[in-house]
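Asker: output the structure for:
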Amino acid sequence: MEKHYRLNHILYTIIQFTWGLPQNVAGLLLFLALSIVNPKRKREYFHGAVVSYWKFKSSMTLGMFIFFGHWRSSEEYARDILIHEYGHTIQSLILGPLFSPLVGFASSMWARVPLFEKWRREGRYNYFDLYSEKWANHEGSRILKIKTNLK
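Answerer: A predicted model of the protein is given here:
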């Protein structure tokens, strides 16, 4: 079982750094920069992905690198967000060089454009209504076989 698990992680990394090279280079550079600024920053591996915790409230994924925001909510919600971000790493495996324009750009705009923020505050939409976010929830849950409460 352990060999199978390790082989999956090796294949995951190889595919990320070939097919998904652009977003993984960006993720690696950000990871290294954050590690230089704060060498004691909390880091861990999560099913092959590299998780680095940062002081920002929001989370972000670049290839196999997850930059996990500071959540002041329940452990269950933080776990669900980590599964969601892992789902973005799976999208990177599937889309390769198309990840950034199809998922990264759309997610960034959805998270930061004031009009979209207003719609979410008003209850017109939930953050996870956007196709890329809903898809990330689905992929993370499917691969890890863990249901989340993110909707």
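Asker: gap between the helix-or-strand element of the chain with minimal mean pLDDT and the chain center?
Answerer: Across the helices and strands of the chain, mean pLDDT, DSSP states H and E gives its lowest value to helix 2-16, namely a mean of 87. Here the centre of helix 2-16 is set off from its chain's centre by 18 Å, with C-alpha atoms, centre = their mean, to the nearest Å.
Asker: try stretch 107-125
Answerer: Mean-position distance between stretch 107-125 and its chain equals 19 Å (C-alpha atoms, centre = their mean).
Asker: again with stretch 78-95
Answerer: Centroid separation between stretch 78-95 and its chain, computed with C-alpha atoms, centre = their mean, is 4 Å.
Asker: from the contact counts, what lies against whichever helix or strand comes after the least confident helix or strand of the chain?
Answerer: Note on helix 2-16: by DSSP states H and E, the next helix or strand toward the C-terminus is helix 21-37. For helix 21-37, the contact count by 3 or more C-beta pairs under 8 Å, 6 or more residues apart in numbering; DSSP states H and E identifies strand 49-53, strand 60-62, strand 65-68 as packing neighbours. The way it works is simple: take the backbone N, C-alpha and C, and place the C-beta from them, glycine included.
Asker: just to be sure, residue 39 is in a strand?
Answerer: No: if the criterion is DSSP: H, G, I helix; E, B strand; the rest coil, then residue 39 is coil and not within a strand.
Asker: how far away is it from residue 32?
Answerer: As judged by C-beta to C-beta, to the nearest Å, residue 39 and residue 32 stand 11 Å apart.
Asker: quick one on the thing from earlier: in JSON lines: the helices and strands packed on helix 21-37, plus mean neighbour count.
Answerer: Formatted as JSON lines, these follow (neighbours: other C-beta atoms under 10 Å):
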{"stretch": "strand 49-53", "mean neighbour count": "20"}
{"stretch": "strand 60-62", "mean neighbour count": "23"}
{"stretch": "strand 65-68", "mean neighbour count": "23"}
